[in-house]
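*Asks:* Next come a sequence and a model predicted from it.
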Amino acid sequence: MKTPLLQFTSKGIYCKEADVYLDPWKPVDKAIISHGHADHSRWGHKKYITHHKNIPIVQHRIGEVHISGKDWGETFTVNNVKFSFHPAGHIVGSSQIRVEHKGEVWVFTGDYKIEDDGVTTPFELVKCNTFITECTFGLPAFQWRPQQEVFDDINQWWAQNRSEGKTSVLFGYSLGKAQRLIKHLDTSIGKIYTHGAVENMTDVLRPLIDLPPTHLITRETKKAELLGNIVVAPPSAHGSTWIKKMVPYVTATASGWMAFRGARRRRAIDKGFVLSDHCDWKGLLETVEATGAEKVICTHGYIDIFSKYLMELGYDARTEATQYEGELSEINTSEKEKSEAE
Amino acid sequence: MKQFAQLIKTLDGTNKTNVKVQALSQYFKEASDQDKVWTIAILSHRRPPRPVNTTLLRTWAAELSKIPTWLFEESCHIVGDLAETIALVVPSTEQGTDKSLTFFLQEMLALKQKPETEKKKYLFQHWSVLDYYERFVFNKLITGSFRIGVSQKLMTRALSKATGIEEDILAYKLMGNWNPNRITFHHLVLEEKESDYLSKPYPFFLAYAVEDDVSELGNVNQWSAEHKWDGIRCQVILRNDELFVWSRGEELVTDKYPEFEAFVGVVPNGTVLDGELLPYPKGEIGTFKDLQTRIGRKNISRSLLEKIPVKLKVYDLLEWKGKDVRDKSYLERRDILEAFYKNTMKSNKGAIPLLLSERMQFNSWDNVAQERGLSREKHSEGLMLKRNDSTYQVGRKKGDWWKWKVDPLTIDAVLTYAMRGHGRRSNLFTDYTFALWDENEQGEKELVTFAKAYSGLTDKEFRQVDAWIKKNTLERFGPVRSVTPHHVFEIAFEGIAPSKRHKSGVATRFPRILRWRKDKKIEEANSLDDLKSLII
């Protein structure tokens, strides 16, 4: 049997022909990186190749590394294997990675969404023979509404809180979700304040995207000036002493997981807005179909369920174990909590 | 329905009690009278009978969503709530409805009698047009479990705020048997009528557990102690030669315990007793397990009545000679109760199944503790401490009554299986199965399952265990996963008895997780023999 173009190894997704890894989770010599989230771009590789918009993110997160950037669709060859990056629509600089060798095409999605969020370069469909897809929300219970409706709800919630003299605290992952929120908040209602983690990441991304002004909350920030305004913070800030400065406040989280009442209730958050940087059930199915792929490999999310359903639809589908996490970090266990359980 | 769905949406959109009370009382001011009655009924667990069984609901929801049933089932396990899953999965135009809550409930009551084809038509018709919260509420009304983070107490508080009627009085009015389809809001809540009160119990006075050192309760002379019996808390009412037995869950259970018919004509009319219903197999006090053979049976056979007869161990008197005596002190009420008990027993020679829970007085807290130490021998769960001058209050209140239970039995066990939880624990593995060491016929050590538990860890610990389980799954059996034996937990339980139904040969009562023993390796967990040695 011939070696498949991409293999799943203990270090990551490996292309033997080119001797490179895609989003490896263990240190390797050469890594092609889909996007800047921690589970995809890790520390310790000798050489990083990624889309140039992702470079400042990687450098901000893991420091100075040997890194080179490419444009969308720019083909580069490693040992006769052709690679190119194509927009994944997940966060700024996020790409699908196309791999071609002897006429066979594989696409690795990393994380992706098909809705244009107005911040990231919109998803581009890439035809392929084998499609390696995430399925974080690969369950029929996940069906997103158009983002405009969700942002209308968020802005209305903010305005309502303001009229009741309360500060709105909105949680979202500092890289990606936070900037998407900031971009679409209605600044005619009030000012946008930020947690340090969000502000730092937003500063990194400002040269790449057009965002309204934000105000970092510091030791000097007065309680009274926050009143009625909105604060964008990472989920980990919930329940910390930092948040006490916002009293009286109302909390909300924007995440795909908020589709489930239980997920919100166990986090003791007031309001949940269903807003994700991943595809919903229909989005995944439509994309799989549109790629024209005969083979589908599911890497993270509800992989067993999604692949089983794809098989019923007639695809040659299977699962592979990886260490990618999708959107879990927005509501579930933090890395610290996880390591404590090991 | 729109209004009610909006209410549920608001309640769902806040984690703060005050906001919930505010939203509910606003609703009670604005909704129509009949919708109010139904809302009270739903929030006090008086749900209408289920018009469609859940198997049909699942099948039809999958059909309308055009997904295979296994996929619907998987979604259901992950979402953790059937009504919510249906609301999420079925396609809808989201246009909403103008029909009232009452109208829906009346339709559902009628639907129960209709043929399956009509039921299906009814569901499809509504699933396809209702908006998300309406759909969720609609499904909740059909599945009948309306637990949405609003307790009956909170609802009563809001109703009190809206009507200006005191909470205690409202709690009393809302107790007992009333049919939301036949009662008006005026009749239920606003009107004062003596005749309604024939069967009505009083709200139970409940105790909190002793938190600190018991001696901090003050001078021991001001306190009495009773054993805390392990049966069913009941109120027995005699009025107009009629008997009513109410359980703590506000369920009328008169028919289930025909033994108490003997009270009629013996216990004077206008008497309400508060006590514990206990089993007496072979004339001796039994265990809660004995009682379980009586709970849930509608038709009680003669042989079962002979095998497991029940008695009332009475500890308090709430009404005497037709007068509410809850405002008298505990000692005064006990005086009347004890005199009544003595007289009745003398004249009847013990023919009625009534016993007196002994009131004890001690001269030091050490002596109280000593008595508590005898609890397991006496088949009690520990002690109740009651302040001598305390009135009989409404609901769970701190200060005058305390329960001081014996420390639970504990054992260190290994986590072997896990299942996803429900409600706020949906999509999180929180329901665990635990095993102990045993030797098989070949003399090899193996783990034998002995109990399931799903409470006792903090949310943070649950998240940690959940993350670990997701990474260390061995096999999947539908919603259940077997995991690598690795973690040891200390399991607490209230009682233990031999059992033929369990593979381990023992049944534990109310097992729960006491703590996560990260310091222990699985080899250090207890054995099944260790567990069996705890059986008295």
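*Replies:* Received, thanks.

*Asks:* ok and the residue in the stretch 1-150 of chain B nearest chain A?
*Replies:* Residue of the stretch 1-150 of chain B nearest chain A, by C-beta to the nearest C-beta: B:L88 (4.1 Å). Every C-beta, even on glycine, is put in place using the N, C-alpha and C of the backbone.

*Asks:* can you pull the contacts of that residue?
*Replies:* A:P140, A:A141, A:F142, A:Q143, A:A259, B:S75, B:V79 (C-beta atoms under 8 Å, 6 or more residues apart in numbering or on different chains).

*Asks:* with those in mind, which one is nearest to B:L318?
*Replies:* The closest of these to B:L318 turns out to be B:V79 (C-beta to C-beta; 44.0 Å).

*Asks:* Now the residue nearest to that closest one when sequence neighbours are not counted. Its backbone dihedrals?
*Replies:* Setting aside the residues directly before and after it, B:V79 is nearest to B:T85 in space (C-beta to C-beta, 6 or more residues apart in numbering or on different chains), at 4.4 Å. Backbone torsions of B:T85, given as degrees, to the nearest 10, read phi -60, psi -50.

*Asks:* What number of residues are in the vicinity of B:T85?
*Replies:* For B:T85, the count of nearby residues is 28 (other C-beta atoms under 10 Å in any protein chain shown).

*Asks:* who touches it in this structure?
*Replies:* Counting by C-beta under 8 Å, 6+ apart, B:T85 has contacts A:A141, B:A61, B:F72, B:S75, B:C76, B:V79.

*Asks:* Give me the subset of the contacts of B:L88 lying in helices.
*Replies:* B:S75, B:V79 (DSSP state H).

*Asks:* among the contacts of B:L88, which two are most distant?
*Replies:* A:Q143 and B:V79 (12.5 Å).

*Asks:* Quick check on those two: which one has the bigger neighbour count.
*Replies:* Using other C-beta under 10 Å as the criterion, A:Q143 and B:V79 rank with B:V79 on top: 27 against 16.

*Asks:* That one touches A:P140, doesn't it?
*Replies:* No: using C-beta atoms under 8 Å, B:V79 is not in contact with A:P140; the gap is 10.2 Å.

*Asks:* separation between the residue nearest to B:V79 and B:H77?
*Replies:* Separation of B:T85 from B:H77 (C-beta to C-beta, to the nearest Å): 9 Å.

*Asks:* same check, this time on B:I411
*Replies:* 29 Å.

*Asks:* Looking at the two, which one has more neighbours?
*Replies:* Legend: neighbour count by other C-beta under 10 Å for B:I411 and B:H77, higher for B:I411 (24 against 17).

*Asks:* Now for the closest residue to that one other than its chain neighbours: which residues touch it?
*Replies:* The shortest distance from B:I411 to any non-neighbouring residue, by C-beta to C-beta, 6+ apart, is to B:N526 (4.7 Å). B:N526 sits next to B:I411, B:D412, B:A413, B:L436, B:W437 when contact means C-beta under 8 Å, 6+ apart.

*Asks:* which SS state does the first one fall under?
*Replies:* I take that to be B:I411. Put simply, B:I411 is strand when judged by DSSP: H, G, I helix; E, B strand; the rest coil.

*Asks:* Hmm, it is touching B:E490, no?
*Replies:* Yes: counting by C-beta under 8 Å, B:I411 does reach B:E490; the two are 7.4 Å apart.

*Asks:* residues contacting A:H195?
*Replies:* Contacts of A:H195 by C-beta under 8 Å, 6+ apart are A:S174, A:I217, A:V231, A:V232, A:A233, A:P234, A:A237, A:W242.

*Asks:* Dump the residues you listed into TSV; add distance to B:K36 as well.
*Replies:* TSV is the format used below for the contacts of A:H195 (distance: C-beta to C-beta, whole Å):
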residue	distance to B:K36
A:S174	46
A:I217	44
A:V231	38
A:V232	40
A:A233	40
A:P234	43
A:A237	41
A:W242	43
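
*Asks:* Is it possible to get JSON lines of those residues that adds secondary structure?
*Replies:* Putting the contacts of A:H195 into JSON lines (three-state DSSP) gives the following:
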{"residue": "A:S174", "secondary structure": "coil"}
{"residue": "A:I217", "secondary structure": "coil"}
{"residue": "A:V231", "secondary structure": "strand"}
{"residue": "A:V232", "secondary structure": "strand"}
{"residue": "A:A233", "secondary structure": "strand"}
{"residue": "A:P234", "secondary structure": "coil"}
{"residue": "A:A237", "secondary structure": "helix"}
{"residue": "A:W242", "secondary structure": "helix"}
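
*Asks:* Name the nearest residue to residue 322, sequence neighbours excluded.
*Replies:* You didn't pick a chain, so chain A it is. Nearest to A:T322 is A:T299, by C-beta to C-beta, 6+ apart, at 4.6 Å.

*Asks:* wrong chain, I was asking about chain B
*Replies:* According to C-beta to C-beta, 6+ apart, the nearest residue to B:G322 is B:G270 (3.2 Å).

*Asks:* wait, what's in contact with B:V448?
*Replies:* B:A435, B:L436, B:W437, B:D438, B:K503, B:S504, B:L528.

*Asks:* Now do the closest residue to chain A within chain B against B:N15, distance only.
*Replies:* When scored by C-beta to the nearest C-beta, chain B has B:S426 as its residue closest to chain A, at 3.2 Å. The gap separating B:S426 from B:N15 is 17 Å, by C-beta to C-beta.

*Asks:* So B:K289, which state does it fall into?
*Replies:* Using three-state DSSP, the structure places B:K289 in helix.

*Asks:* Please identify which helix or strand holds B:K378.
*Replies:* Assessed by DSSP states H and E, B:K378 sits outside every helix and strand.

*Asks:* Number of residues surrounding residue 117?
*Replies:* The chain I'm using is chain A. For A:D117, using other C-beta under 10 Å, the count is 20.

*Asks:* Please refer instead to chain B.
*Replies:* Residues lying near B:T117 (other C-beta under 10 Å) number 8.
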